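In: from the sequence below, what's the structure:
(chains A and B)
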Amino acid sequence: GAGVSQSPSNKVTEKGKDVELRCDPISGHTALYWYRQRLGQGLEFLIYFQGNSAPDKSGLPSDRFSAERTGESVSTLTIQRTQQEDSAVYLCASSFQGAVELFFGEGSRLTVL
Amino acid sequence: KQEVTQIPAALSVPEGENLVLNCSFTDSAIYNLQWFRQDPGKGLTSLLLIQSSQREQTSGRLNASLDKSSGRSTLYIAASQPGDSATYLCAVPTSGTYKYIFGTGTRLKVLA
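Out: A predicted model of the protein is given here:
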C-alpha cells in the first residue's frame, strides 16, 4: 500500500477483554515496529520485527502483550485481559530495513473502560 | 542505556520567526537521527533523516544538524508559519540495536 495502515483506528473495550490491533506495513518494508503513546506522553517502544522474527521484544510491558508477524507483511498486536492502564494510542511503523527512515501509521486508539 | 532529551518542552512564537529546537542523546554510537512532527490525534510524519556520517540535512524551510561527538542535534525552522504548529520529536536507533528511542518532544505553537 501507499502508507502504513492500522486498524481499528478506535477501539473501546471493557476491562478483562482481549483486543487485537493490526498493522499493514508499506510493501517491501522488512522492519516493523510497535510503539505505545499514553495521553500527553512520549513514545514507548514495545517490539521490533525483522521479517517475521522479533529480535527485540524487550518493551512488551507484561505477558498479557504479544505480537506476531506473517512473513514481511501484516503484524498483529494482541493484548489479553485488558486493564485500564493499557489505554493509549498504539502506533506501528515500518522501514525498508532496520535503522533507516521510519514511516508511521495513524495509530489505533485503545480505550479500556 | 540511550536517553533522548528535547528542549524546550513547549514553545510559542509569532509567525515569521526563525526558531531552533534541540535534541540531546547520551550514547553517541548511533546509525542516524530522525526528526518527526506529530499533529494532535495523528501519527508521526518523517521530516528529516541525518545519517551518522552527515553533519546536516535540509528540506525546504527545515534544516537539521547533527554533532555526534557532543550528542546533539538541532532542528532549525525558518520563517515559521501557523501550519508549523505541532509536536516535534527526534529519535535515534543506537548502534547494535534497531530500537528507536524517542525524545518527549517539543510542542510548538506559531501564532498568526
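In: need the contact partners of stretch A:9-25.
Out: A:1, A:4-8, A:32, A:34, A:72-84, A:90, A:92, A:94, A:105-113 (CB atoms under 8 Å, 6 or more residues apart in numbering or on different chains). Glycine gets a C-beta too; all of them are placed from N, C-alpha and C.
In: one more time with 6 Å, if that's ok
Out: Under the contact criterion CB atoms under 6 Å, 6 or more residues apart in numbering or on different chains, stretch A:9-25 has outside partners A:4-7, A:32, A:74-82, A:90, A:92, A:94, A:108-113.
In: and stretch A:57-77, by the same measure?
Out: Residues outside stretch A:57-77 that contact it (CB under 6 Å, 6+ apart): A:20-24, A:30, A:32, A:34, A:45-47, A:49, A:51-52, A:78-81.
In: hey, what's the one residue sitting closest to the centre of chain A bridged with?
Out: The centre of chain A sits closest to A:W34, judged by CA atoms, centre = their mean, with a distance of 3.6 Å. Counting by DSSP bridges, A:W34 is bridged to A:I47, A:C92.
In: my read is that it contacts A:Y48, right?
Out: No: in this structure, A:W34 is not within contact of A:Y48 by CB atoms under 6 Å, at 8.0 Å.
In: now chain B, which segments are flagged as low pLDDT?
Out: Of all residues in chain B, those with pLDDT under 70 make up the ranges B:95.
In: mind listing what's buried along stretch B:22-36?
Out: Neighbour counts using 16 or more other CB atoms under 10 Å in any protein chain shown place B:23-25, B:28, B:30-36 of stretch B:22-36 among the buried residues.
In: widest-spaced pair of these?
Out: The largest separation in the buried residues of stretch B:22-36, counting by CB to CB, is between B:S28 and B:F36 at 20.7 Å.
In: any idea how far B:A78 lies from B:C23?
Out: As judged by CB to CB, to the nearest Å, B:A78 and B:C23 stand 18 Å apart.
In: what's B:T74 in contact with, if anything?
Out: Counting by CB under 6 Å, 6+ apart, B:T74 has contacts B:20, B:22, B:65.
In: B:R61 and B:Y76 touch, don't they?
Out: No: assessed by CB under 6 Å, B:R61 is found out of contact with B:Y76, at 8.7 Å.
In: all set, thanks.
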